[in-house]
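[1] sequence unknown, structure follows:
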């Protein structure tokens, strides 16, 4: 899904440069079995105002794990986000009432179970604890533990002595789904997720992720039963949060490009 999000950014950059990208997912061959996508730029065409707006938000979008206000997203904003997901072959399914409460219970139970898994916690610490990782990239704790229920973020296994904060009583939850659950579907989900996140940023909407149930599912090598709305690929918390700083990222000069 991360590769899918990067692919969407690439497509968007190509549009802003004045070209029309044509994309093939999972082209695969014996010579290049790990190639995820090919993008050609055969046609010229100016970007739309929406594409320019989405592109501008690549640099400003933040994952916001802080408490949000109780303000609800307007229906037209949710509709825009759902359309954004559908344009990339995915569904964004907002949850309300008991469905949202049940999912938050699953998040809490999965979080408790994962908190007892030493391997899982070690991997989280390697990516998220304060200080410098082995690869030289600084990292930080990615959010304070909430006070009371529901637990809307994870503490990443750090158990640091940070002050607890009160999160919104009724988090706004949406689930990103795809019709299938194969690598090509994960790429589509990543592109849909990035389009949704960039559009949310343009609307002033904050987002974070509650993927503990999906982490637990994947660790156990389970597959989901096919729901009428598809396979869950991402659980997203939406709302209106305070400004947050950019997370540490590896400098572009350190990102190598392999031959294709």
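    Perfect, I can see it now. Note that this is a predicted model, so its numbers are computed, not measured.
[2] Tell me if residue 102 really is in a strand.
    No: counting by DSSP: H, G, I helix; E, B strand; the rest coil, residue 102 falls outside a strand, being helix.
[3] can you tell me how far it sits from residue 7?
    33 Å (Cβ to Cβ, to the nearest Å). Yep, even glycine has a C-beta here, placed from its N, CA and C like the rest.
[4] Settle it for me: which of these two has more neighbours?
    residue 7 (21 against 11; other Cβ atoms under 10 Å).
[5] Now do the contacts for the more buried one.
    23, 36-37, 39, 187, 190-191 (Cβ atoms under 8 Å, 6 or more residues apart in numbering).
[6] Out of those, flag the one nearest to residue 175.
    Set against residue 175, the nearest of the contacts of residue 7 by Cβ to Cβ is residue 190 (15.1 Å).
[7] Just want the phi and psi numbers for the closest one.
    As for residue 190, its main-chain torsions (degrees, to the nearest 10) stand at phi -60, psi -40.
[8] check contacts around the closest residue to it other than its chain neighbours.
    Take residue 190 and drop its neighbours on the chain: the residue closest to it by Cβ to Cβ, 6 or more residues apart in numbering is residue 4, 2.0 Å away. By Cβ under 8 Å, 6+ apart, residue 4 lies in contact with 186-194.
[9] so where's the stretch 1-150 of the chain uncertain?
    Applying pLDDT under 70 to the stretch 1-150 of the chain picks out residues 127-150.
[10] got the residue ranges for the helices in it?
    2-16, 49-56, 75-86, 97-114, 118-128 (DSSP state H, counting those that start in this stretch).
[11] out of the ones you listed, nearest to residue 67?
    Using Cβ to Cβ, the helices of the stretch 1-150 of the chain put helix 97-114 closest to residue 67, at 14.9 Å.
[12] before we move on, the earlier item: between the contacts of residue 4, which is closest to residue 210?
    residue 193 (13.5 Å).
[13] so the helix or strand containing the closest one versus helix 2-16, what angle?
    Using DSSP states H and E, the element containing residue 193 is helix 183-202. Orientation check (axes from the mean of the first three to the mean of the last three Cα atoms, to 10 degrees): helix 183-202 against helix 2-16 gives 60 degrees.
[14] Just list what helix 183-202 packs against, helices and strands only.
    helix 2-16, strand 19-25, helix 49-56, helix 75-86, strand 172-178, strand 206-209, strand 231-239 (3 or more Cβ pairs under 8 Å, 6 or more residues apart in numbering; DSSP states H and E).
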